[in-house]
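Asks: I'll drop the sequence and a predicted model, then ask my questions.
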Amino acid sequence: MESEGKWIKKDVPVYTDVSNTKFLDVIYQKRNPAVIRGLDIGPCVEKWTAEYLASQGGDTEVKIHVSPSSKMDFINKNYAYRSLPFSELIHRCAKEVQEDFFFEKNELYYLRSLGEDPRKGIADVKAQFPSLAGDLEIPEFFNQEQFFSSVFRVGSANLQLWTHYDVMDNILIQVRGHKRVILFSPEDANHLYLTGDKSAVMDLDNPDFDNYPSLKLATPYHCLLEPGDVLFIPALWFHNVVSLDFSVAVNVFWRHLDISCYDNKDTYGNKDPVAASKALQIVQRAIKSLEGLPDEYRDFYGRRLVREIEKKTYAVEDKR
């Protein structure tokens, strides 16, 4: 356990010699993040150099994020969407200073692969990158009918993605480069200053407890991924990812709830379950209906509303 100012960081446990049975019976049941080391994920770890990836991907156009900042901010959109041939993206991601660029020579790049139709298609590395897919062995931690997507990810060195949660269980397969990942439990949601599924807190290395005082009540879990590592991220766990060097990874999502729970128009796997989305809409309407009351009445009935939600939905009731 590591102390940083007023923050205490816990280490994500690392497991070795993990079979499918051990994952399902030991790791998966805990519903906590876990680094799994030593799995056979195929020859990709050795083969996926920048030169090899560029030669295999060729001139296929890919949609990318381009940012002059190392900390990509989804809420304030400090990046732009652009397109590049896949081979050119790889060459740029592998360099820290660019000769050709969109905005400035130190800009950073990020690819999150999309389906054939970005509005309707679901990412599948086997479909979008067939010449590379044969190099990767995806761990069989779930039944094939549960499969939702496999997302090919490429990022520049020092690139940090915003803190967010996903509604499906997933594994992050780190193939090339190293990543630092900081995670937070779903129980810390009220301390992360959320806008939808994303946190407004950008700098986790120097947390701003003055502007985000509740943040100090959250508990960050920390891990460093090496090439070949697999990180299990349970649904609803918040995660913030930094590529420490040129990074290539594949994210695999699967439906761990009944398929009827999910929005059938969700192509990214990040829309809240249907029941949860309806509940959030109802709460917003309830809040709006209280706006016409005097302050003391709004306060009184707002507290009653919160208490009813706590009693009926919290997994562990707050004893007050």
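Replies: Nice, I can see it.

Asks: Beta-bridge partners for Ile171, please?
Replies: Partner residues in beta bridges with Ile171: Phe232, Val252, with DSSP bridges as the criterion.

Asks: ok, it touching Glu140?
Replies: No: the pair formed by Ile171 and Glu140 falls short of the contact definition of C-beta atoms under 8 Å, at 10.9 Å. (C-beta placed from N, C-alpha, C; glycine too.)

Asks: Remind me which helix or strand Arg82 belongs to.
Replies: Arg82 is located in strand 80-85, with elements delineated by DSSP states H and E.

Asks: no no, Tyr28
Replies: Tyr28 belongs to helix 28-30 when assigned by DSSP H and E.

Asks: And for Cys44, nearest residue in space, chain neighbours not counted?
Replies: If the residues on either side of it in the chain are set aside, Cys44 comes closest to Asp135, at 4.1 Å by C-beta to C-beta, 6 or more residues apart in numbering.

Asks: For Ile171 and Glu140, indicate the residue with more neighbours.
Replies: Ranked by neighbour count (other C-beta atoms under 10 Å), Ile171 and Glu140 place Ile171 first, with 22 against 9.

Asks: pLDDT value on that one, please?
Replies: pLDDT for Ile171: 97.

Asks: Who are the contact partners of it?
Replies: Shown here is Ile171, whose contacts under the criterion C-beta atoms under 8 Å, 6 or more residues apart in numbering are Pro139, Phe141, Val230, Leu231, Phe232, Ile233, Asn251, Val252.

Asks: mind running it again at 6 Å?
Replies: By C-beta atoms under 6 Å, 6 or more residues apart in numbering, the contact list for Ile171 reads Val230, Phe232, Val252.

Asks: Same question for Thr163.
Replies: Thr163 makes contacts with Ser199, Phe238, Asn240, as judged by C-beta under 6 Å, 6+ apart.

Asks: and it, what element?
Replies: Secondary structure assigned from DSSP H and E places Thr163 in strand 159-164.

Asks: That strand: which residues count as buried?
Replies: Residues Leu159, Gln160, Leu161, Trp162, Thr163, His164 are the ones in strand 159-164 that count as buried (16 or more other C-beta atoms under 10 Å).

Asks: hey, what's the last one bridged with?
Replies: When bridges are called by DSSP bridges, His164 pairs up with Lys198, His239.

Asks: could you pull out the helices for the stretch 151-300 of the chain?
Replies: Counting by DSSP state H, counting those that start in this stretch, the stretch 151-300 of the chain forms helices over residues 274-289, 295-313, given from the N-terminal end onward.

Asks: Then the stretch 1-150 of the chain?
Replies: Ranges of helices in the stretch 1-150 of the chain, per DSSP H, counting those that start in this stretch, are 20-22, 28-30, 44-47, 50-57, 86-93, 125-128, 130-133.

Asks: Can I get those in a markdown table including mean neighbour count, distance to Phe152 and mean pLDDT?
Replies: As requested, the helices of the stretch 1-150 of the chain are exported to a markdown table (neighbours: other C-beta atoms under 10 Å; distance: least, C-beta to C-beta, whole Å; pLDDT from 0 to 100):
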| stretch | mean neighbour count | distance to Phe152 | mean pLDDT |
| --- | --- | --- | --- |
| helix 20-22 | 11 | 24 | 94 |
| helix 28-30 | 13 | 24 | 94 |
| helix 44-47 | 17 | 11 | 96 |
| helix 50-57 | 18 | 10 | 94 |
| helix 86-93 | 22 | 10 | 96 |
| helix 125-128 | 17 | 5 | 92 |
| helix 130-133 | 16 | 8 | 92 |
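
Asks: among the ones you listed, which is nearest Trp7?
Replies: With respect to Trp7, and counting by C-beta to C-beta, the nearest of the helices of the stretch 1-150 of the chain is helix 28-30 at 23.3 Å.

Asks: Can you give the distance from the closest one to the centre of its chain?
Replies: Put simply, helix 28-30 sits 19 Å off its chain's centre (C-alpha atoms, centre = their mean, to the nearest Å).

Asks: Stretch 289-299 now?
Replies: Relative to the chain's own centre, stretch 289-299 is displaced by 38 Å; criterion: C-alpha atoms, centre = their mean.

Asks: Quick check: buried residues in it?
Replies: For stretch 289-299, a neighbour-count test (16+ other C-beta under 10 Å) marks nothing as buried.
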